[in-house]
Each structure stands twice: as structure tokens, then as C-alpha cells.
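Chemist: Give me a 3D structure for the following:
(chains A and B)
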Amino acid sequence: EPEVTQTPSHQVTQMGQEVILRCVPISNHLYFYWYRQILGQKVEFLVSFYNNEISEKSEIFDDQFSVERPDGSNFTLKIRSTKLEDSAMYFCARTAVMNTEAFFGQGTRLTVV
Amino acid sequence: GESVGLHLPTLSVQEGDNSIINCAYSNSASDYFIWYKQESGKGPQFIIDIRSNMDKRQGQRVTVLLNKTVKHLSLQIAATQPGDSAVYFCAENIYGGGFKTIFGAGTRLFVKA
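Modeler: I've put the predicted structure just below:
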């Protein structure tokens, strides 16, 4: 199955700035996710999104993070005030139905300076 | 609890040999396990999955074995090729309001020509 498309592929931002990461999944899929991977570490779950609502979020996903699907296609992750420790690869993923394998995008490398 | 871990951080094999990557999990209620492959600069890619009502599943050159008694999962790659060089993650889907994928730490597979 095709992957999701993520933009940008790399973003550099100043600490304290807001960033928006975008994902374009297959339009008829309902289950979306954001994960992050700090360099050299494992992939960590951030949030799951179903039927235009957050269904679960991790401890990492604090008040600085938000997700939405504003136009019914793009799925976005916003970080309001970036910190140095937010530097990581951020992956969008989708599943066709619940509790099946996830299909990941190529990721956005976020560098906070 | 939510814990999926790997026994070895790196594995080096000769081209043409078989590879075995091992994984332990701690949540006895887990019922769905997945192996992902991650090449450098890319997102995780689904390889093979197995549900808890099975103990073995085969794909093309890959086999996953599940031992629920000792909570152990393994990925076997037959006739390993240079293109198999990557980081391999075992993962489990767990439910907490929505399904999420919990990844292990990863094993880097090196294939020597």
C-alpha cells in the first residue's frame, strides 16, 4: 500500500517558535498517528487520531502539542513553542482499520536551534 | 506493562546466511505483534505480523515465531541479502482508548558481502 506523504522533509526552527508538520494520508483512511524518533533511539508514540478526534495521547504529547485535520485531508502536528529536546524525526502513520499494521511516512526531521 | 525490548543491539551476518533477531515483551495481554524494518533516513516499513492465536507465520524469506509461554518473539530472515541491512524493530499494538504501536529498542543488522 502507498505510504503517507509528509512535508517538509526537514525543518530548522529557533527555540520557542511554532512549527507545523504536515501529513497527507489516503483520504478514505480514518486512523492516523504521530510518532517521533530521537536520533539513534526507538520510535515513540505521540498521539492517535480517529474520526477527527484524539483517541489516545502519550505523556510526551503535552499542552505544547496539538493535532488537527483542518481540511479533511491534511493531518497536522503543531508544536507551539519548540524546545531543543523536540529535535527528532516525526513520523505520520495510518492504519486502514484498528489494531493492524501501520504505514509510515518518510518523516520530517525537526531541528531546534 | 508497556515494554517491548530487544536482546542485542547489533547483528552481523554473512550474505546468504540466515539471520535471527530476538525480542522479549512483558505484557501477557498483548495479542498483536509486528516487525518493522527501518532503513537509514526512512520511516519504519512493515515486514510481517502475528497475532497471539498463532505461533508461527511465514512471509517471503521472513518468518516470525511467537512463544507466549516465555513472551518471546523472533524474526528469521532466510538467505540474508545486503538489502536487508537495516534496523529491525519488534512492536506490539496495545489499547488505551485507541490502539497504539509500542516499539522496542531496535536491532541493527549488518550484512557482510
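Chemist: From now on I want contacts and neighbour counts done on CA atoms only, so please keep to that.
Modeler: OK.
Chemist: Run through the bridge partners of the residue sitting nearest the centre point of chain A.
Modeler: Computing the C-alpha centroid of chain A and ranking residues by CA atoms, centre = their mean puts residue A:34 first, at 3.3 Å. Going by DSSP bridges, residue A:34 is paired in beta bridges with residue A:47, residue A:92.
Chemist: Pull the contacting residues for it.
Modeler: A:45, A:46, A:47, A:48, A:77, A:90, A:91, A:92, A:93 (CA atoms under 8 Å, 6 or more residues apart in numbering or on different chains).
Chemist: Drop anything exposed from those residues.
Modeler: A:45, A:46, A:47, A:48, A:77, A:90, A:91, A:92, A:93 (16 or more other CA atoms under 10 Å in any protein chain shown).
Chemist: and the first one, that one's in a strand?
Modeler: It stands for residue A:45. Yes. Residue state for residue A:45 (DSSP: H, G, I helix; E, B strand; the rest coil) corresponds to a strand.
Chemist: got the contact list for the nearest residue to it once chain neighbours are set aside?
Modeler: Excluding the flanking residues, the one nearest residue A:45 by CA to CA, 6 or more residues apart in numbering or on different chains is residue A:35, at 4.6 Å. Counting by CA under 8 Å, 6+ apart, residue A:35 makes contact with A:43, A:44, A:45, A:46, A:47, A:90, A:91, A:92, A:93.
Chemist: Give me every residue in chain A lying close to chain B.
Modeler: Counting by CA under 8 Å from any CA of the partner chain, the residues of chain A close to chain B are A:41-45, A:48, A:55-56, A:91, A:98-107.
Chemist: Next step: those restricted to helices.
Modeler: Residues of those located in helices (DSSP state H): none.
Chemist: Which of these are buried? Put it as a ChimeraX command.
Modeler: Typed into ChimeraX, the line below selects the buried ones among the residues of chain A next to chain B, using 16+ other CA under 10 Å:
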select /A:42,43,44,45,48,55,56,91,98,99,100,101,102,103,104,105,106,107
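Chemist: If anything else comes up later, I'll come back, but that's it for now.
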